[in-house]
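> structure for this input, please:
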Amino acid sequence: MISRKLGAMIYFLKGIVEELGENFLALDVNGVGYQAYCSAKTLSMLDVGEVTKLHIHTHVREQEFTLFGFASTDEREWFQLLTSVSGVGPKVGLAILSALTTDEMVGAVQNGEGKVMARANGVGPKLGDRIVLELKGKVGAMPTMSASGASTQATLAVSGVNAEVLSALSNLGYKPAQAEKAVFSASEKLDAEAMTFDNLFKTSLQELR
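Next comes the predicted model:
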């Protein structure tokens, strides 16, 4: 029997999107194809042929390894929190992430509204109530994300020169969520004196590669 300690073997994968399915993608990593199940939000951010980095949760069950991929560590963290609830398996966790924003989940837990969770496929009223009950007191420190999947922190950081670079990246064809994450990451690497359009633009492009 495979030890469950192996579940942390794959932390992330970076490669070319080979195929996009209804709830999964195939990622070509140096000639090796990996299948990872993803939320609708993550899949909506990707296109076949583009290079992407997926943050991975490896689910180990008996002799089966199943990979679940996320566009951000924040989304993976939410997935792991949801699947810590009794009765919430990985596929139901993805369904919840696909159906609800993190703000909606936080609100549902804080207000005890299990019916909000029940909007996700595979979540009935009883399970919805159990989720909000078991997560009570746990969601306060969790990151929140916009509907596109970008963290709220990254979204709020887009102003001034950041907004100019974001606009330029959008004109080049990058998706808003991808551009927001790249600009936020790039801005963290530059000090105030180096925060010019050219420097931020070049650094953001490096983040997108």
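> surely residue 180 touches residue 166?
Yes. Applying CB atoms under 8 Å, one finds residue 180 in contact with residue 166, separated by 6.6 Å. From N, CA and C alone the C-beta is placed, and that goes for glycine too.
> pick out whichever of these two has more residues nearby.
More crowded of residue 180 and residue 166, by other CB atoms under 10 Å: residue 180, with 26 against 23.
> so where's this structure shaky on pLDDT?
Along the chain, segments meeting pLDDT under 70 span 1-8, 140-160, 192.
> make it 90
Low-confidence segments of the chain, defined by pLDDT under 90: 1-11, 41, 44-46, 59-65, 71-75, 100-111, 136-201, 203-204, 206-209.
> the longest strand in it is where?
strand 51-61 (DSSP state E).
> partner strands of whatever helix or strand comes next after that strand and their direction?
Of the helices and strands lying after strand 51-61 in sequence (DSSP states H and E), the nearest is strand 64-70. If you go by DSSP bridges, strand 64-70 pairs up with strand 32-38 (parallel), strand 51-61 (antiparallel).
> got the contact list for strand 64-70?
Strand 64-70 is contacted from outside by 2, 6, 10, 13, 25, 27, 34-39, 42, 54-59, 76, 79, 90, 94, using CB atoms under 8 Å, 6 or more residues apart in numbering.
> can you select the buried ones from those residues in ChimeraX?
Here is the ChimeraX command that selects the buried residues among the contacts of strand 64-70 (16 or more other CB atoms under 10 Å):
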select :10,13,25,27,34,36,37,38,39,42,54,55,56,57,58,59,76,79,90,94
